[in-house]
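J.: got a structure for you, letters missing:
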Ligand SMILES: [Zn+2]
């Protein structure tokens, strides 16, 4: 997928068309009352062995109707993007109570420690192998 700067309905300058589409999708969900609000760019700090490893600007933070804050990355899953997987893993280890979605799919650890995404679009829940 090619990346090109795209302006969403709210006027953010997103680095890619897919991210702008994600922002427009969240705006539509806000307008229809499915979520309370959302924030473009949610900075989090990731620590390894007690030291700051990386500052990660997650694409979106969403305030759900039950008050929970969830995190959303709009990028497509790229198996070769090892840094992204490391950031995901570090986030999930440091903030196990927070839900993170990648391209609308909830990310989970398997019991063996692999990262998987839960596919919600189909009737049954499928595990997407990574
Ligand atoms: Zn936007």
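T.: Thanks, I have it. Since the structure is predicted, the reported quantities are computational estimates derived from the model, not experimental observations.
J.: what does the chain put close to the ion?
T.: 8, 10, 12, 23 (Cβ under 5 Å from the ion). To be clear about C-beta, it is placed using only N, CA and C from the backbone, and glycine gets the same treatment.
J.: In helices only, show me those.
T.: residue 23 (DSSP state H).
J.: List only buried entries from the residues of the chain next to the ion.
T.: With neighbours counted using 16 or more other Cβ atoms under 10 Å, those contain these buried positions: 8, 23.
J.: Does residue 27 touch residue 12 like I think?
T.: No: counting by Cβ atoms under 8 Å, residue 27 stays clear of residue 12, with 10.2 Å between them.
J.: ok, for residue 19, nearest residue in space, not its chain neighbours?
T.: Of all residues not flanking residue 19 in the chain, residue 74 sits nearest, at 4.4 Å (Cβ to Cβ, 6 or more residues apart in numbering).
J.: ok, now residue 95?
T.: Here the residue nearest residue 95, using Cβ to Cβ, 6+ apart, is residue 44, at 7.4 Å.
J.: who's in contact with residue 3?
T.: Residues near residue 3 by Cβ atoms under 8 Å, 6 or more residues apart in numbering: 15, 16, 17.
J.: what residue ranges in this protein score low on pLDDT?
T.: For the chain, applying pLDDT under 70 flags the ranges 1-2, 76-79, 120-130.
J.: re the thing from before, neighbour count, distance to residue 81 and secondary structure added to the contacts of residue 3, as CSV?
T.: Output for the contacts of residue 3, formatted as CSV (neighbours: other Cβ atoms under 10 Å; distance: Cβ to Cβ, whole Å; DSSP: H, G, I helix; E, B strand; the rest coil):
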residue, neighbour count, distance to residue 81, secondary structure
15, 15, 15, coil
16, 18, 14, coil
17, 16, 18, helix
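J.: Without its sequence neighbours, what residue ends up closest to residue 102?
T.: Distances taken as Cβ to Cβ, 6+ apart place residue 73 nearest to residue 102, at 4.7 Å, with adjacent residues excluded.
J.: Run a quick neighbour tally on the one you found.
T.: Neighbour count for residue 73, taken as other Cβ atoms under 10 Å: 24.
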